[in-house]
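The following block contains a protein sequence and its predicted model.
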Amino acid sequence: MTTPAPSDDAAGADALMAHAPAGMSEELKSGLLQVYARTRDRQIGNTASTLRATAEPGTLSDRIVADAFRLTENLMQASPARASYACGKGCSWCCHQQVRVSGPEAIGIADALREAYPDAWLAQIRQVVAQRVERIEGLPTIRAYLEARLPCAFLAQDGGCSIYDWRPIVCRGYHSLDRAACQEKYVDLAQPAPPIDSYAHMAANAVLHGVAIAVEAAGKDGRLYEMHGAVLRAIDTPDAAARWARGEDVFAGCRRSASVAGAG
Ligand code: SF4
Ligand code: SF4
């Protein structure tokens, strides 16, 4: 059986392979494609089980995300390249590119912000996110987004991620093996892409696609969105979790994401 692409904006394994380092052997590419297929199908099963087992609509997106984060973290721990990561707190060249999320991830971030901060602070955060959304509207392509060098709204002043526990799946799967190469690429987009952990990148995106496929099969929105716009919509929709679970088009009009890149 061929598993369908999650939606027309989730690029699937072939597009992800376009990010594989030059010179990767055919054997390794084929191994990565197997990892992708296995992981995606496992996540489809996990999310389908969660959908079946969750009676309370308001908790569904939370449970789907928690389950997807769990598999993502397990796979990250298992990565053979883990010991060679160049990433560390305060290093954030990668947090200036478009990040894509599923609806449940955006709802989870909005709920976490709502829970963590008093209303006045949440209003300030909302304003920063809204400013980003406005700016992003003028950046029609991935290239334009990169050229703008727009920092993620959740990038803290110390270079850390202010929503670390709720950071998107693609952020969890983006790890460079060469910090200097990340900086060089940020400064000069003509430089080669930094070498990343292709296993982690592929596995994390497979989890995301698995979620998307399973929720679409259940008649809910499994499309992938540019993170700021989706989070803004979720902040502005206090009952977003229950509405999404009922199959409503909570993210109508939000910018979809065609990016297969992530940030770490
Ligand atoms: S991916 Fe690159 S820029 Fe991002 S934390 Fe890792 S080394 Fe730093
Ligand atoms: S890790 Fe992701 S969510 Fe966090 S600051 Fe970086 S790009 Fe933003």
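That came in fine, so what should we check first? Ligands and ions are numbered 1, 2, ... in the order given.

pLDDT weak spots in the stretch 101-250 of the chain?
Within the stretch 101-250 of the chain, no range satisfies pLDDT under 70.

try it again with 90
142, 238 (pLDDT under 90).

Which positions in it make contact with ligand 1?
Within the stretch 101-250 of the chain, the positions near ligand 1 by CB under 6 Å from any ligand atom are 174-176, 179, 182, 194. C-beta coordinates here come from the backbone N, C-alpha and C atoms, glycine included.

Dump those residues into a markdown table; add secondary structure and distance to residue 107 as well.
Compiled in a markdown table, those are given as follows (DSSP: H, G, I helix; E, B strand; the rest coil; distance: CB to CB, whole Å):
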| residue | secondary structure | distance to residue 107 |
| --- | --- | --- |
| 174 | coil | 22 |
| 175 | coil | 26 |
| 176 | strand | 29 |
| 179 | helix | 33 |
| 182 | helix | 30 |
| 194 | coil | 31 |
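
Check those against ligand 2 and report the nearest one.
Ligand 2 has its nearest neighbour among those in residue 174, at 8.1 Å by CB to the nearest ligand atom.

ok so, going back, and the residues of the stretch 101-250 of the chain next to ligand 1, which two are furthest apart?
Maximum pairwise distance among these (CB to CB): 13.0 Å, between 174 and 179.

So for these two, which sits in the more crowded spot?
Applying other CB atoms under 10 Å to residue 174 and residue 179 shows that residue 174 carries more neighbours, namely 24 against 16.

these two touch, right, the more buried one and residue 199?
No: using CB atoms under 8 Å as the test, residue 174 is too far from residue 199 to be in contact (12.0 Å).

give me the element the residue nearest the centre of the chain is part of.
Compute the mean C-alpha point of the chain, and by CA atoms, centre = their mean the closest residue is residue 170, 3.5 Å away. Using DSSP states H and E, residue 170 sits in helix 169-172.

contacting residues around that helix?
With CB atoms under 8 Å, 6 or more residues apart in numbering as the test, helix 169-172 has contacts from 68-69, 72-73, 76, 99-102, 105, 161, 204-205, 207-208, 211, 261-264.

Using PDB, write out every CA atom in stretch 87-98.
Extracted C-alpha coordinates of stretch 87-98, given in PDB (Å, rounded to 0.1, in the frame of the first residue of the first chain):
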ATOM      1  CA  CYS A  87      24.600  22.800  18.700                       C
ATOM      2  CA  GLY A  88      24.400  24.500  22.000                       C
ATOM      3  CA  LYS A  89      22.400  27.100  23.900                       C
ATOM      4  CA  GLY A  90      23.000  30.600  22.700                       C
ATOM      5  CA  CYS A  91      23.800  29.400  19.100                       C
ATOM      6  CA  SER A  92      20.900  30.400  17.000                       C
ATOM      7  CA  TRP A  93      21.800  31.000  13.400                       C
ATOM      8  CA  CYS A  94      19.300  28.400  12.500                       C
ATOM      9  CA  CYS A  95      16.400  30.200  14.200                       C
ATOM     10  CA  HIS A  96      16.200  32.700  11.300                       C
ATOM     11  CA  GLN A  97      14.400  30.500   8.900                       C
ATOM     12  CA  GLN A  98      10.900  29.400   8.200                       C
END
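
Give me the mean pLDDT for it.
On average, the pLDDT along stretch 87-98 is 94.

Need the contact partners of that stretch.
136, 142, 145-146, 149-152, 155, 158-161, 174-176, 179, 182-183, 185-186, 226-227, 257, 259, 261-264.

Among these, which ones are in helices?
Among those, DSSP state H puts 136, 142, 145-146, 179, 182-183, 185-186, 227 in helices.

Nothing else from me, thank you.
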